[in-house]
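[1] sequence unknown, structure follows:
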């Protein structure tokens, strides 16, 4: 059988090259040793002649360093990845592992998986499938359970999230007016004023409130970062209606996040409001802060965002009215002179300067006459 790959050596530099006689492409082997070059060429030609046998040979080699390589499936990788997570993140991964789209690869051996089954799972799934399958694929690469990427990073289908928007003040008032349950009504109202995620707001306690300094401070459940903001009379009025000790929302605290979201969606559907969720309150707070000129670093701390990029993503749809440049120039020119308060009867700075100049001129004239 004619060999597909042939070896040759260039005189200049002495580096060995391989040529694919079918594709007519050349590639440097990066070595000047004939023995190493022959080993690579022979391996490539053997791989073409007997692909199925080569898979078994590869498994035998891998078993020397990883005894489970020939039997490890994607379900095993999912279970291992879930074990590395904690709290709400682990719960999200457990739900993701149950997606029906992953049934296409769940029982496949990882090292035997080609790109087609992964692409089929991505096509059958949702945006969540794309996100979680990417992370699972990268986890297997990091654990050396995959020798190389099955799908190159740049060839993964683009993640396209549904458009997100903030809830408007009119929509919020409609929901508050329709809501008959006082605890849920105060919960929605506090979400509007605080801008916290639904889980963080539902788990607030009276101990998180510092009444003398009028601040609310809590650690975010998702990231552990501290969120702190000062409140005014409107938030104070809401807080006075809530329990003075322990959880502020005793019932909602025990409800799953998905059930709280479902209840809110039912209120919105009944009012004909589309395109929002409980998380829209967080977008609304960020946009309101940007529109009124609230300093970004204060808003970022109030929402508990660790990075400016994340915070700006929440506030990017804010409609900001820019003042004209000439107004800023006028303010700048007016602020260069700072008037000082003077006691009654004292001359102004301009009058004092004029009198001093007159005295110096009079003195100079008298000296010239003398």
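    Okay, I see it. Please read these numbers as outputs of a predicted model, since none were measured by experiment.
[2] low-confidence regions, this structure specifically.
    1-2, 49-66, 335-370 (pLDDT under 70).
[3] center of it, which residue is that?
    The residue lying closest to the centre of the chain (C-alpha atoms, centre = their mean) is residue 310, at 5.4 Å.
[4] list the contacts for that residue?
    Neighbouring residues of residue 310 by C-beta atoms under 8 Å, 6 or more residues apart in numbering: there are none. For glycine as for every other residue, the C-beta is placed from the backbone atoms N, C-alpha and C.
[5] could you pull out the strands in the stretch 1-150 of the chain for me?
    For the stretch 1-150 of the chain, the strands defined by DSSP state E, counting those that start in this stretch occupy 5-9, 16-20, 25-28.
[6] parallel or antiparallel, which strands does the last one pair with?
    For strand 25-28, the pairing partners within the sheet under DSSP bridges are strand 16-20 (antiparallel).
[7] can you list the strands of the stretch 1-150 of the chain in JSON lines and add mean neighbour count and distance to residue 188?
    Output for these, formatted as JSON lines (neighbours: other C-beta atoms under 10 Å; distance: least, C-beta to C-beta, whole Å):
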{"stretch": "strand 5-9", "mean neighbour count": "14", "distance to residue 188": "68"}
{"stretch": "strand 16-20", "mean neighbour count": "16", "distance to residue 188": "65"}
{"stretch": "strand 25-28", "mean neighbour count": "11", "distance to residue 188": "63"}
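[8] out of these, which gets nearest to residue 178?
    Evaluated with C-beta to C-beta, the strands of the stretch 1-150 of the chain place strand 25-28 nearest to residue 178, the distance being 68.1 Å.
[9] off-centre distance for that closest one?
    In this view, strand 25-28 has its centroid 42 Å away from the chain centroid, taken as C-alpha atoms, centre = their mean, to the nearest Å.
[10] what's the answer for stretch 5-16, then?
    So, by C-alpha atoms, centre = their mean, the centroid of stretch 5-16 is 49 Å from its chain's centroid.
[11] quick one on the thing from earlier: pull out the buried residues from the helix or strand where the residue nearest to the centre of the chain lies.
    According to DSSP states H and E, residue 310 maps onto helix 308-315. If you call a residue buried by 16 or more other C-beta atoms under 10 Å, then helix 308-315 has these buried ones: 311, 314-315.
[12] from what I see, residue 165 and residue 282 are in contact.
    No - between residue 165 and residue 282 there is no contact under C-beta atoms under 8 Å: 11.5 Å.
[13] looking at those two, which one has more neighbours?
    residue 282 (24 against 14; other C-beta atoms under 10 Å).
[14] contacting residues for the more buried one?
    195-197, 303, 314.
[15] now swap in residue 258 and tell me
    So residue 258 contacts nothing (C-beta under 8 Å, 6+ apart).
[16] got the phi/psi numbers for it?
    phi -60, psi -40 (degrees, to the nearest 10).
[17] and it, how far from residue 268?
    15 Å (C-beta to C-beta, to the nearest Å).
[18] next: residue 277.
    According to C-beta to C-beta, residue 277 and residue 268 sit 8 Å apart.
[19] quick check on these two: which one has the bigger neighbour count.
    Between residue 277 and residue 268, counting by other C-beta under 10 Å, residue 268 is the more crowded of the two (20 against 16).
[20] what is the neighbour count of the residue lying closest to residue 202 once chain neighbours are set aside?
    The spatial neighbour of residue 202 that comes closest, neighbours along the chain excluded (C-beta to C-beta, 6 or more residues apart in numbering), is residue 252 at 4.6 Å. Residue 252: 20 surrounding residues under other C-beta under 10 Å.
[21] which residues does residue 252 contact?
    183-184, 187, 202, 260.
[22] from the residues you listed, which is closest to residue 76?
    Of the contacts of residue 252, the one sitting nearest to residue 76 (C-beta to C-beta) turns out to be residue 260, at 33.9 Å.
[23] in this structure the closest one contacts residue 202, no?
    Yes - Residue 260 is within contact range of residue 202, at 6.7 Å (criterion: C-beta under 8 Å).
[24] neighbour count winner among the two?
    Applying other C-beta under 10 Å to residue 260 and residue 202 shows that residue 202 carries more neighbours, namely 23 against 19.
[25] phi and psi next, for that one.
    phi -60, psi -30.
[26] about what we covered before: now the two most distant members of the contacts of residue 282.
    Pairwise over those, using C-beta to C-beta, the maximum falls at 196 and 314, 12.3 Å.
[27] spit out the residues that contact those two alike.
    Joint contacts of residue 196 and residue 314 (C-beta under 8 Å, 6+ apart) are 282, 303.
[28] excluding chain neighbours, what is closest to residue 71?
    Residue 71 sits nearest to residue 109 (C-beta to C-beta, 6+ apart), 6.6 Å away.
[29] no wait, residue 135
    Nearest one to residue 135, counting by C-beta to C-beta, 6+ apart, is residue 81 at 7.6 Å.
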